[in-house]
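Asks: Okay, predicted coordinates and the sequence, questions at the end:
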Amino acid sequence: MASLLTKKIDSIRSSSDKQPAHNGADPDSPPDLTTRARVRRRPIYLAIGVALVVVAVIGMLAAVSAMRATTDVLVLARDVQQGQIIESKDLTVKTVNVDADLGALSAGERGRVIGMSAGTRLPAGTVLMPAAVTDQVVPGEGLTMVGITVGYPHLPSEAILPGDMIRVVDTPREGDDPPVTGPINTKAQVYSTTTIAEAGETTLNLLVPEAEANWVAARAATKRVSIVLDNRVR
């Protein structure tokens, strides 16, 4: 009996000498630095995320503001041919986004534009750019303007437009043999045109070299000319 009691006491003492467990971790092991670093990083990530959201919102507000910013620009109310003097009735005003005007002439420049010449053909609805108008005197140095009237049979079926480069070709009299050598011709640029429908004719105002103006005018008076369309490169 005494022997059993002694063994019991020894067993209790042995259990009390053991150290309590620390969730399976060694009490002498160093602290988990990785876990602490993750805890410290979380506020940094949160701050970066907030900053990105703020930048995105500011950019979106700026874009919306830019789209709402508008300006008034000059627009052609009707077709204007190359060389035609621009009148007040040729112009109207259109409101566009600031980014869309691309350097167009503003509505405030209307007074300056009136009286200038169209540098090229301008269809109705065209936003007027500075390069589309000119205040240069026509004809320029070394050129002469000659008006000739040509019947439809001596014109291309394609309509002749201001700005076209053409050749005025001397033609033989009706019933004559065709010329053996190349016919006399001169190059010219069409400045403006007027159609005379009832007569089946078109009057062309041509810019020709000054030295050839007399020949073109004299030959045109005989009606013995034909018009050849060369190109429409602007």
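Replies: All right, it came through fine.
Asks: What are the boundaries of the strands in the protein?
Replies: In the chain, the strands defined using DSSP state E lie at 70-76, 91-97, 117-118, 133-134, 143-151, 165-170, 185-196, 201-209, 225-231.
Asks: so which of those gets nearest T126?
Replies: Nearest of those to T126, taken as C-beta to C-beta: strand 70-76 at 4.6 Å. Bear in mind the C-beta positions are built from the backbone N, C-alpha and C, glycine included.
Asks: helices or strands up against that closest one?
Replies: Secondary-structure packing of strand 70-76 (3 or more C-beta pairs under 8 Å, 6 or more residues apart in numbering; DSSP states H and E): strand 91-97.
Asks: what is the orientation angle of the strand it packs on with strand 70-76?
Replies: 150 degrees (axes from the mean of the first three to the mean of the last three C-alpha atoms, to 10 degrees).
Asks: Output the strands of the chain as CSV; include the columns mean neighbour count.
Replies: What follows is those, written out as CSV (neighbours: other C-beta atoms under 10 Å):
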stretch, mean neighbour count
strand 70-76, 18
strand 91-97, 14
strand 117-118, 20
strand 133-134, 18
strand 143-151, 17
strand 165-170, 18
strand 185-196, 18
strand 201-209, 19
strand 225-231, 16
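Asks: For A118, which residues are in contact?
Replies: The contact partners of A118, taken as C-beta atoms under 8 Å, 6 or more residues apart in numbering, are V80, Q81, Q82, G83, Q84, I86, A132, V133, T134.
Asks: Could you dump those residues into TSV with pLDDT and distance to E141 added?
Replies: Below are the contacts of A118 laid out as TSV (pLDDT from 0 to 100; distance: C-beta to C-beta, whole Å):
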residue	pLDDT	distance to E141
V80	89	25
Q81	82	23
Q82	78	19
G83	79	17
Q84	84	21
I86	92	23
A132	86	23
V133	88	20
T134	85	15
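Asks: Beta-bridge partners for the residue nearest to L91 when sequence neighbours are not counted, please?
Replies: Once flanking residues are discounted, L91 sits nearest to L74: 5.5 Å by C-beta to C-beta, 6 or more residues apart in numbering. L74 has these beta-bridge partners by DSSP bridges: V93.
Asks: Cool, thanks, talk later.
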